[in-house]
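Chemist: fold the following.
(one chain, ligands or ions: 1)
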Amino acid sequence: MLVELVSGKKFECSHGVSLLDAAANAQISLPYSCKTGRCSSCKCRILSGRSEALAIEIGLSDDEKKAGYILSCIRTAASDLTIDAEDLDGIYIPEVKTLPARIDCLQKLAPDVMLATLRVPPTSAFSYLPGQYIDVIGPGAMRRSYSIANAPNCRGHLDLHIRAVHGGAMSDYWFNKAKENDLLRINGPLGSFFLRSCASLDLIFLATGTGIAPVKAMLEAITELSVDEQPRSVTVVWGGRVVADIYYDIQAIGGRHTFLPVLSQAHSEWSGARGYVQDALLENGPDLSDAVAYACGSQAMIASAKVELFKAGLAPNRFYSDAFVSSGSI
Ligand SMILES: Cc1cc2nc3c(=O)[nH]c(=O)nc-3n(C[C@H](O)[C@H](O)[C@H](O)COP(=O)(O)OP(=O)(O)OC[C@H]3O[C@@H](n4cnc5c(N)ncnc54)[C@H](O)[C@@H]3O)c2cc1C
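Modeler: Residues are numbered from 1 along each chain as shown. Below you'll find the model as predicted:
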């Protein structure tokens, strides 16, 4: 079956192969993240033709399904198709590799957040775009996704911010068993949650919990941009339950940005913002006409922020997100 993008690019998709994989086989990059039909980063619209879901599209609402939206990671073609999907071909996306990686150091950033710094072989020439994630393949071939929390650096170190999930198999490894020099494997870089060109735009970053990890990497990258490439403004809104959840000093990254921590279960002495990150952002009615939003963390925050920001005037193609849905396969 032949699939055509609105950009005019075309690729073949055999029945049973996902549109995302078929596009990748033809060297065409479409947006994606979890690849399991949950996070909805690969949401796009069928303009003509028939397609079939390969699994349940949990990441789509009934209204979106009725409006012709699909998730390209778990949809295949049932006839020739035309689809409206963001074509990332103008952007250099580094090659995906599987590499050995050793734990360089482990450090608790909060009672339930571990900083794991991995080092890859210096000869591997591993590169990534700030905001992307990797799959870590651990003991027993257990595989989990983690965003890289630092912009690329010459030391070849990859920082991961890992939240302990109650009863989680990989969490048990990181928090109870992992030690420096352990040998793991990584597969990546993955996903399309990375900084697009941002010159003269108002950037908004919304994060909950360890969703700050890719935001930190992007903020570091912004400090390296030339004057002409710089955004007009940067606002970072980071939400947690209690003070300990705001475990990193975002101001220490440097650059000009407004930082707004928001707590949902703050004690009475907390004088900062309370509630949800999207509400805290929108409280003072910001002008979103030249804004681009990057949201990362809980799926509930992302779904709600998307609706609220669009209502407040954000353009539909200016919301990028990475939902930290469960990535467990073993
Ligand atoms: C693209 C992507 C990037 C990610 N980046 C990060 C990151 O940078 N930092 C980070 O801490 N996590 C991140 N995650 C989540 C991470 O990959 C794991 O899913 C999570 O750490 C749990 O793994 P586990 O083995 O401890 O739990 P599992 O053994 O896989 O699961 C234990 C139980 O917890 C539930 N569960 C698992 N994950 C979640 C979750 N996220 N929310 C709610 N319930 C869950 C499972 O359904 C299961 O019932 C990311 C996920 C994705 C898809």
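Chemist: what's the pLDDT at the residue of the stretch 101-250 of the chain found nearest the ligand?
Modeler: Each residue of the stretch 101-250 of the chain has a distance to the ligand, by CB to the nearest ligand atom, and the smallest belongs to G168, at 2.1 Å. Backbone N, C-alpha and C define where each C-beta goes, glycine included. Model confidence at G168, expressed as pLDDT, equals 96.
Chemist: do the same with G131
Modeler: The predicted local confidence for G131 comes out at a pLDDT of 97.
Chemist: got a list of what it touches?
Modeler: The contact partners of G131, taken as CB atoms under 8 Å, 6 or more residues apart in numbering, are S147, G191, F193, F194, L195, P214, V215, A217, M218, Y294, D322.
Chemist: so which of the residues you listed reach the ligand?
Modeler: Restricting the contacts of G131 to those adjacent to the ligand (criterion: CB under 6 Å from any ligand atom) gives S147, G191, D322.
Chemist: in this structure the second one contacts D322, no?
Modeler: I take that to be G191. Yes: under the criterion of CB atoms under 8 Å, G191 lies in contact with D322, with a separation of 6.3 Å.
Chemist: now do stretch 99-109, average pLDDT.
Modeler: For stretch 99-109, the per-residue pLDDT averages 97.
Chemist: now do the contacts for the residue of the stretch 101-250 of the chain closest to the ligand.
Modeler: Residues in contact with G168, defined by CB under 8 Å, 6+ apart, are G328.
Chemist: how near is it to V136?
Modeler: Distance from G168 to V136, counting by CB to CB, to the nearest Å: 13 Å.
Chemist: S271 too?
Modeler: S271 sits at a distance of 38 Å from V136 (criterion: CB to CB).
Chemist: and for S192, nearest residue in space, chain neighbours not counted?
Modeler: Counting by CB to CB, 6 or more residues apart in numbering, P31 is the residue found nearest to S192 once chain neighbours are left out, at 3.9 Å.
Chemist: check W238 too.
Modeler: The shortest distance from W238 to any non-neighbouring residue, by CB to CB, 6+ apart, is to A207 (4.8 Å).
Chemist: low-confidence regions, this structure specifically.
Modeler: Within the chain, the stretches with pLDDT under 70 are 329-330.
Chemist: near the ligand, which residues of it are found?
Modeler: Selection of the chain residues close to the ligand by CB under 6 Å from any ligand atom yields 33-34, 133, 144-147, 161-163, 165, 167-171, 191, 210, 213, 322, 324-328.
Chemist: among those residues, which lie within strands?
Modeler: Secondary structure from DSSP state E places Y133, R144, S145, Y146, S147, H161, I162, R163, D322 of the residues of the chain next to the ligand in strands.
Chemist: got a list of what the closest residue to the third one other than its chain neighbours touches?
Modeler: What that stands for is S145. Nearest-residue entry for S145: S327, 3.9 Å, with adjacent residues in sequence omitted and distances by CB to CB, 6+ apart. S327 makes contacts with C34, T36, D135, R143, R144, S145, as judged by CB under 8 Å, 6+ apart.
Chemist: in stretch 296-315, which residues are buried?
Modeler: Buried residues in stretch 296-315, counting neighbours by 16 or more other CB atoms under 10 Å, are found at C296, G297, S298, Q299, M301, I302, A303, S304, A305, K306, L309, L314.
Chemist: would you check how far apart D249 and P261 are?
Modeler: Distance of D249 to P261, computed by CB to CB: 11 Å.
Chemist: kindly report the same for V17.
Modeler: Distance, V17 to P261, by CB to CB: 44 Å.
Chemist: those two - which one has more neighbours?
Modeler: Taking neighbours as other CB atoms under 10 Å, V17 and P261 compare with P261 leading, 19 against 16.
Chemist: quick check: bridge partners of the more buried one?
Modeler: Listed beta-bridge partners, P261: W238 (assigned using DSSP bridges).
Chemist: so that it lines up with my notes, have the first residue be 57 from now on.
Modeler: Right, with 57 as the first residue, what we last looked at is P317.
Chemist: looking at it, it is touching W294, isn't it?
Modeler: Yes: at 5.5 Å, P317 counts as touching W294 under the criterion of CB under 8 Å.
Chemist: intersection of neighbour lists for these two?
Modeler: Here P317 and W294 share the contacting residues I302, scored by CB under 8 Å, 6+ apart.
Chemist: in helices, which of the buried residues of stretch 352-371 fall?
Modeler: Q355, M357, I358, A359, S360, A361, K362, L365 (DSSP state H).
Chemist: now for the nearest residue to the last one once chain neighbours are set aside, how many residues are close by?
Modeler: Computed as CB to CB, 6+ apart, the closest residue to L365 that is not its neighbour in sequence is A349, at 5.5 Å. A349 has 24 neighbouring residues, counting by other CB under 10 Å.
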